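S.K.: Just to be clear, the model below is a prediction. Sequence and coordinates:
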Amino acid sequence: MTDSKYFTTTKKGEIFELKADLNSDKKEKKKEAVKKVIASMTVGKDVSALFPDVVNCMQTDNLELKKLVYLYLMNYAKSQPDMAIMAVNTFVKDCEDPNPLIRALAVRTMGCIRVDKITEYLCEPLRKCLKDEDPYVQKTAAVCVAKLYDINPQLVEDQGFIDQLRDLLTASNPMVVANAVAALSEINDASQSGAALFDLNSQTINKLLTALNECTEWGQIFILDSLANYTPKDEREAQSVCERVTPRLAHANAAVVLSAVKVLMKFMEVMNPSGEYITTLTKKLAPPLVTLLSAEPEVQYVALRNINLIVQKRSDILKQEMKVFFVKYNDPIYVKLEKLDIMIRLASQGNIAQVLAELKEYATEVDVDFVRKSVRAIGRCAIKVEQSAERCVSTLLDLIQTKVNYVVQEAIVVIKDIFRKYPNKYESIIATLCENLDTLDEPEARASMIWIIGEYAERIDNADELLESFLEGFHDENTQVQLQLLTAIVKLFLKRPQDTQELVQSVLSLATQDSDNPDLRDRGYIYWRLLSTDPAAAKDVVLAEKPLISEETDLIEPTLLDELICYIGSLASVYHKPPSAFVEGRTAARRVLPTRAPGSGSTSPDSETTSTPVQQSTVILPSQGSQGDLIGDLLNMDLGPPMMGSSTTVPMAQAQDAAAIDLLGGGLDSLLGGPVASAPTPPPTTTATSSSPFTVAAAAPPASGSNAELVRGCWMASPFDIENKSLCPVPFPTVGFNQIALPMQLD
């Protein structure tokens, strides 16, 4: 017979009948009634009205009935705190019961009842259970201390329960040791101070390693996590611990395996990197990690995220296991993408052929995201393994010939990176790329193609026509494309100034006068100023030799990687973020890998609790004089339409005629091969006529009696006549200057 009958009752007045059965003298009837109450509670019915009657059933020797009553109490004690006090005497009595199962059940239930009024009565029974002769009661009481700490941390510290937990670390029973470690770890994580609650020494470590072989899998995880926080005194001790932890790599539970890997990864840091033992450990670490990839997809994903960290730290561990990361047809997309990432990290000259063959196959799949990532992976292979670059470029060209739009666009993006890595080596393919210009509709692909045209403008005969085609819809382009187009046209002008002057004037005008984007506008003004004052400097800046891009652009920063290695097997290793980034209120000290002292096997004892100091980069501030020069240069900048000559003024009406503007000023002569213009002289500040625009000079105090005003660091002065044709007087006239209203002083 099953228990389903308890869930099928539909009688009227059910609560009344249950109440009568709970107060029955017959034990069997009472047990049946409690089961019905628990069944109703399970399906969501409110049976809190029966609280006193259920509590009366606690006085029984029947272990099954007592468990059911305790289950009811844990559920309703929080909503009925005053009535829950009625059960305290029974709890205290049960904590002294001859049956260890009842003693453990009583202390466990008291720990689960989160009512402040009951916790103060829990202290004495809990203290007795922590010293109980039965290990089952002791291990239950150890966990109860952690639960009590969550309710009232101050009470646990005042009653000395943490000291009792430390004493349990030396217990003879491995389960007691494991639960004591688990409780101390939970309390340590919840502690506001973040200080370690127990010191690990050689004796304690030996005790934990002994318990490791005999406790449950979850106990093993807690013990291994505690071992990972220990810094061995020397290399010999590190090897000894590793020897005893290594068998855990063969465990069936993935969490135990990852915890063991974490311990070994940390302890390998204090060993001689060229020693035989490191080589042996490296060989032992590969099989368990490979085995994890045969589990269900969710476990595979967690394993792959951890393997990603391990490969970045020690790529030699899995360098012979490339094939296990090849994608299967039925892998979920999140597993496929992670495998792809690890394949690139493991790519080398020895296996690049089979990797490229796989990637080319992946690029013909139906999943668009996966195909994009595969095409990018081919480019990353070319950048990482120089010997394979030509083969990778050939593969990308084959993919471009497929004319699949998103494949072509991704290929162009990665080819741009290949050009950055290997300049002047694969330019012969530019013609093929230009054939697909009209199909590009994604901002990143368009920006990459524009970069290629600008970078190799001297080798592309119709580069000006190609860039002009992009310029037609300039305002509709993405900001990334606009910025790249501005730079590319300036590059083209510096390389071929004779026939591209009109083009560069157009783009500078669009960027500085018609754009609302501050980044684009600022870059336009910088190029404008460079070209108009010193074209030679413009060449040095814009056409400067670019640094080669690094082999791996997405590697985790080394300090963060070391910290994440300390969290292998936890959520931090899946997010690739430290716990402080996603756990609110966490104040624990940042974990770092132990460091091996040069010339010895010893490590710093503080390496676990303090972070390694990051060397601060030296920042050289300019002197006061140089700052003034910079300000002066900026203030001399042509904020309105530029003039024909450096010191010649033109009427405003003529300046507004866009067709007649020479944006580049006299500085263009040097670029075109003509005479070099002399350095621009500061314009006069008090001799401008009424038709001249305002003149701007570096901030300097005005002459006494002058009509100059200090506005945003500039002295501005210009005498002119104003006729007020309105009916009202104008006490505080203002003038619009570069879209800023400035007050004027009237003489």
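M.R.: Alright, I've got the coordinates.

S.K.: Does the residue lying closest to Ile568 once chain neighbours are set aside belong to a helix, a strand or coil?
M.R.: The shortest distance from Ile568 to any non-neighbouring residue, by Cβ to Cβ, 6 or more residues apart in numbering, is to Lys262 (3.9 Å). All C-beta spots, glycine's among them, are computed from the backbone N, C-alpha and C. Secondary structure for Lys262, judged by DSSP: H, G, I helix; E, B strand; the rest coil, is helix.

S.K.: Now do Lys262 against Arg248, distance only.
M.R.: Distance, Lys262 to Arg248, using Cβ to Cβ, to the nearest Å: 11 Å.

S.K.: Same question for Ile418.
M.R.: 44 Å.

S.K.: Can you classify Ser274 by secondary structure?
M.R.: Strictly by three-state DSSP, Ser274 counts as coil.

S.K.: returning to that earlier point: measure the residue nearest to Ile568 to Leu593 for me?
M.R.: For Lys262 relative to Leu593 (Cβ to Cβ), the value is 11 Å.

S.K.: between the two, what contacts are shared?
M.R.: 565-566 (Cβ atoms under 8 Å, 6 or more residues apart in numbering).

S.K.: residues of the helix or strand hosting Leu466 that come out buried?
M.R.: Following DSSP states H and E, one finds Leu466 within helix 463-471. Neighbour counts over helix 463-471 (16 or more other Cβ atoms under 10 Å) mark 463-464, 466-468, 470-471 as buried.

S.K.: Check those and tell me the two furthest apart.
M.R.: Ala463 and Leu471 (12.4 Å; Cβ to Cβ).

S.K.: rewinding a little: show me whatever sits in contact with both of Lys262 and Arg248.
M.R.: Leu224.

S.K.: now Phe582, nearest residue through space, not along the chain?
M.R.: Phe582's closest residue in space is Tyr575 (Cβ to Cβ, 6+ apart), at 6.3 Å.

S.K.: Please report how far the one you found lies from Ile568.
M.R.: Tyr575 is 13 Å from Ile568, by Cβ to Cβ.

S.K.: neighbour-wise, which of these two wins?
M.R.: Ile568 (25 against 14; other Cβ atoms under 10 Å).

S.K.: wait, the more buried one sits on Asn308?
M.R.: No: with contact defined as Cβ atoms under 8 Å, Ile568 does not reach Asn308; the gap is 10.9 Å.

S.K.: and of the buried residues of helix 463-471, the nearest to Lys35?
M.R.: Nearest to Lys35 among these, with distances taken as Cβ to Cβ, is Phe470, at 77.0 Å.

S.K.: Could you measure from the nearest residue to Leu249 once chain neighbours are set aside over to Thr282?
M.R.: Excluding the flanking residues, the one nearest Leu249 by Cβ to Cβ, 6+ apart is Pro288, at 4.2 Å. According to Cβ to Cβ, Pro288 and Thr282 sit 12 Å apart.

S.K.: In which helix or strand does the most centrally placed residue in the chain reside?
M.R.: Centre of the chain computed as the mean C-alpha position; nearest residue by Cα atoms, centre = their mean is Lys577, 5.2 Å away. Assigned by DSSP H and E, Lys577 belongs to neither a helix nor a strand.

S.K.: Tell me who's in contact with it.
M.R.: Contacts of Lys577 (Cβ under 8 Å, 6+ apart): none.
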